[in-house]
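Asks: structure for this input, please:
(one chain, ligands or ions: 2)
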Amino acid sequence: MTAPLADPRQSERFRFVRHTFVDGVAELVYAFDEGPELVERVTFPGAPSVSAEREAAFAAALRLLHLVAGVSYYKAGIPATIVVEGEALDEDGASMLDALYLHGLAEFAYRNRLDLRGRIAFPFERKRHAAVPAIGLPKRSLLPIGGGKDSVVAVEAIKSIGAEATAAWVGNSPLIAECAARTGLPTLNISRELAPGLFELNRLGAWNGHIPVTAINSVILVVAAVLYGYDSIVFANERSASVATLEYDGQEVNHQWSKGFGFEKTLHDYLHSHVAADLDYCSLLRPWSELAVTSAFARLGSDYFNVFSSCNRNFRILGPKPADRWCGQCPKCHFVFLALAPFMAKPRLLSIFGRNLLDDEELAGAFDALLEYKDHKPFECVGEGAEARAAMAALAERPEWSEDALVARFRSEILPQLDRSELALEPWLKPGASHLVPRRLLGALDALG
Ligand SMILES: CC(=O)N[C@H]1[C@@H](OP(=O)(O)OP(=O)(O)OC[C@H]2O[C@@H](n3ccc(=O)[nH]c3=O)[C@H](O)[C@@H]2O)O[C@H](CO)[C@@H](O)[C@@H]1O[C@H](C)C(=O)N[C@@H](C)C(=O)N[C@@H](CCC(=O)O)C(=O)O
Ligand SMILES: Nc1ncnc2c1ncn2[C@@H]1O[C@H](COP(=O)(O)OP(=O)(O)OP(=O)(O)O)[C@@H](O)[C@H]1O
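Replies: Ligands and ions are numbered 1, 2, ... in the order given. Sure thing, here's the model as predicted:
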């Protein structure tokens, strides 16, 4: 008889028990000590059988998914020892996972007043790793869709160069499905079912909090790329995602850590050396700020204005979802409203959101946090404080916005305390230099300029 679920905070070991792949369903199995198994399932629709040429790459990708997706369960107990059953990891794999768990759980640790430094140590063997070969992946891309403005911009840029691509998403959000359909591209919807035991552990008082979900979605798409045959996975993570939410006790806490360039580069290199030499992982929007992305969305995204939403409350598995696409109450709604305002006709923006968030005095504190005025940036997927200030300063100059309550307040109360030479919008619209976009797709970067 298996032991019942117990409070995982009392456990000594977190175990990666095994993973299997049968009839398109990946089962990822975890346990605390000798407790009951926690089984996450990821379903790949119409999965073909894996050819002999791709077998080793597929096995490596699936194993990586098991290790990365474990972060949802590990966080429930954060025991002192991590056990990976089966073949030992090499040093590269262990150090990538150490970094993902430490930085991807930094917000979780900060908010729970935990210190994970020195605690997370994936076991490994010092061994020589022979570089993996190219496996002849077809020249086509998986384009992850999140239902919001970023992926729309990336999709439209890729479409503009006529590259072969499929719009892909994880989970069962009807909102994302509608956006994906609107792209006009072939679609791929992968379902993911968290282990029901996780919610039971939460009820027993497990540690809970934010996890690096983009890393999980990324590696699900790595498995998909090898399985169905794609040579690239092209995310839409902007430059601003690499900037920390706050710093404390000598460490950075970034809500968006697995959307940042550090993780992108590590995973990109690991895939080339450990999965398939011809599989690329990149972000098309990496050179661009949030404001550059909203400016591009205002130009390229009109077909999506009535279907997209950036409000993350739409994407809850359990909690209540907003009645409309935009809840209007969360930092993401506030930021996207502010960041689109300089680039979109005001009536159009108000019709998307259903109201004018910048004319609501009750939201003063929420917008202050976005501006990093008297507060730190919210724990959400929002741009840098400096770009929010640049957007607000631009609106303060526009007659159609300048009398709205929060813009007027900015002009009279906050603006006099700022250095005006740092408030120009234009520098935010210029691309940075760093990106990993493969040569074949470079033209799509130009489409954004
Ligand atoms: C939708 C959302 O924002 N959820 C966050 C929220 O969770 P909540 O309890 O309100 O609802 P659920 O999402 O239904 O989660 C239920 C429980 O399941 C856990 N969980 C969920 C997904 C998963 O992959 N692993 C899990 O362990 C979750 O912790 C709940 O206990 O608050 C939670 C606590 O802070 C967050 O963990 C939930 O975040 C989701 C994982 C999520 O998908 N969030 C993305 C919208 C998100 O935050 N994206 C970031 C990217 C961060 C990154 O580095 O990748 C962004 O856009 O900036
Ligand atoms: N459910 C999902 N399945 C696959 N990829 C996803 C999913 N959710 C988000 N992503 C991808 O993760 C990246 C970051 O998500 P993010 O929410 O910032 O983007 P978005 O939804 O396109 O835009 P917005 O910032 O307006 O919400 C994007 O490339 C997005 O496509």
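Asks: quick one: buried residues of stretch 315-333?
Replies: Using 16 or more other C-beta atoms under 10 Å as the test for burial, stretch 315-333 gives 315, 322, 325, 326, 327, 328, 330, 331, 332, 333. All C-beta spots, glycine's among them, are computed from the backbone N, C-alpha and C.
Asks: and the nearest residue to the third one once chain neighbours are set aside, how far is that from ligand 1?
Replies: When you say that, I think you mean residue 325. Leaving aside its sequence neighbours, residue 325 sits nearest to residue 309 (C-beta to C-beta, 6 or more residues apart in numbering; 3.8 Å). In this view, residue 309 and ligand 1 are 12 Å apart by C-beta to the nearest ligand atom, to the nearest Å.
Asks: ok, now how distant is the residue in the stretch 101-250 of the chain positioned nearest to ligand 1 from ligand 2?
Replies: Of all residues in the stretch 101-250 of the chain, the one sitting closest to ligand 1 is residue 214 (3.0 Å; C-beta to the nearest ligand atom). Distance of residue 214 to ligand 2, computed by C-beta to the nearest ligand atom: 5 Å.
Asks: ignoring the adjacent residues along the chain, who's closest to that residue?
Replies: residue 258 (4.2 Å).
Asks: report the contact partners of that neighbour.
Replies: 100, 104, 212, 213, 214, 215, 218 (C-beta atoms under 8 Å, 6 or more residues apart in numbering).
Asks: three-state assignment of it?
Replies: Here residue 258 is helix, with the state taken from DSSP: H, G, I helix; E, B strand; the rest coil.
Asks: ok, the residue of the stretch 101-250 of the chain closest to ligand 1 touching residue 235?
Replies: Yes - using C-beta atoms under 8 Å, residue 214 makes contact with residue 235 at a distance of 7.5 Å.
Asks: find the residues that touch each one of these two.
Replies: Common neighbours of residue 214 and residue 235, counting by C-beta under 8 Å, 6+ apart, are residue 259.
Asks: setting aside sequence neighbours, what's the nearest residue to residue 408?
Replies: Excluding its sequence neighbours, the residue lying closest to residue 408 (C-beta to C-beta, 6+ apart) is residue 402, at 6.7 Å.
Asks: contacting residues for that neighbour?
Replies: Applying C-beta under 8 Å, 6+ apart to residue 402 gives the contacts 395, 396, 408, 411.
Asks: swap the cut-off to 10 Å and go again
Replies: Contact partners of residue 402, counting by C-beta atoms under 10 Å, 6 or more residues apart in numbering, are 395, 396, 408, 410, 411.
Asks: likewise residue 316?
Replies: Neighbour list for residue 316: 173, 322 [criterion: C-beta under 10 Å, 6+ apart].
Asks: any idea how far it lies from residue 241?
Replies: 21 Å (C-beta to C-beta, to the nearest Å).
Asks: ranges for the strands of the stretch 201-350 of the chain?
Replies: 232-235, 246-248, 251-253, 280-283 (DSSP state E, counting those that start in this stretch).
Asks: shaky segments in this structure?
Replies: Scanning the chain for pLDDT under 70 picks out the ranges 1-2.
Asks: tell me the residues of it that contact ligand 2?
Replies: 144-151, 169-171, 176, 214, 217, 235-237, 259, 310, 381 (C-beta under 6 Å from any ligand atom).
Asks: host element of the residue in the stretch 51-200 of the chain positioned nearest to ligand 1?
Replies: Nearest to ligand 1, among the residues of the stretch 51-200 of the chain, is residue 72, at 3.4 Å (C-beta to the nearest ligand atom). Per DSSP states H and E, residue 72 falls inside helix 71-77.
Asks: report how many residues lie close to residue 199.
Replies: The number of residues packed near residue 199 is 12, by other C-beta atoms under 10 Å.
Asks: check which residues of the helix or strand containing it are buried.
Replies: Per DSSP H and E, residue 199 falls inside helix 196-203. Within helix 196-203, the residues scored as buried using 16+ other C-beta under 10 Å are 197, 198, 201.
Asks: one more: stretch 51-61?
Replies: Under the neighbour-count criterion of 16+ other C-beta under 10 Å, stretch 51-61 has 54, 56, 57, 58, 59, 60, 61 buried.
Asks: ok, now stretch 250-257?
Replies: Judged by neighbour count (16+ other C-beta under 10 Å), stretch 250-257 contains these buried residues: 251, 253, 254, 255, 256, 257.
Asks: for stretch 359-367, same thing?
Replies: 360, 363, 366, 367.
Asks: circling back to that earlier point, thought the residue of the stretch 101-250 of the chain closest to ligand 1 was touching residue 256?
Replies: Yes - in this structure residue 214 lies within contact range of residue 256 using C-beta atoms under 10 Å: 7.7 Å.
Asks: can you put the buried residues of stretch 359-367 in CSV and add distance to residue 385?
Replies: Below are those laid out as CSV (distance: C-beta to C-beta, whole Å):
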residue, distance to residue 385
360, 20
363, 16
366, 13
367, 11
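Asks: which of these sits closest to ligand 1?
Replies: residue 366 (16.6 Å).
Asks: wait, a helix at that closest one?
Replies: Yes - assessed by three-state DSSP, residue 366 belongs to a helix.
Asks: buried ones in stretch 86-98?
Replies: Buried residues in stretch 86-98 (16+ other C-beta under 10 Å): 89, 90, 93, 94, 96, 97.
Asks: which ones are touching the fifth one?
Replies: Looking back up the chat, that one is residue 96. Contacts of residue 96 by C-beta under 10 Å, 6+ apart are 64, 67, 68, 89, 122, 215, 263, 266, 267, 269, 270, 274.
Asks: same thing but at 7 Å, please
Replies: Contact analysis of residue 96 by C-beta atoms under 7 Å, 6 or more residues apart in numbering lists 266, 270.
Asks: how close does the residue of the stretch 101-250 of the chain closest to ligand 1 get to residue 361?
Replies: 35 Å.
Asks: the helix or strand harbouring residue 26 pairs with which strands?
Replies: Per DSSP H and E: residue 26 is located in strand 25-32. For strand 25-32, the paired strands and their directions (DSSP bridges) are strand 13-22 (antiparallel), strand 38-43 (antiparallel).
Asks: single out the most deeply packed of the ones you listed.
Replies: Comparing the strands paired with strand 25-32 by mean neighbour count (mean count of other C-beta atoms under 10 Å), strand 38-43 ranks first with a mean of 20.
Asks: how about the CA coordinates for that one, as PDB?
Replies: What follows is strand 38-43, C-alpha atoms only, in PDB (Å, rounded to 0.1, in the frame of the first residue of the first chain):
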ATOM      1  CA  LEU A  38       3.000  12.600  -8.500                       C
ATOM      2  CA  VAL A  39       2.300  12.100 -12.200                       C
ATOM      3  CA  GLU A  40       2.200  15.000 -14.700                       C
ATOM      4  CA  ARG A  41       0.900  14.200 -18.200                       C
ATOM      5  CA  VAL A  42       1.700  16.100 -21.400                       C
ATOM      6  CA  THR A  43      -0.300  15.000 -24.500                       C
END
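Asks: nice, that's everything, thank you.
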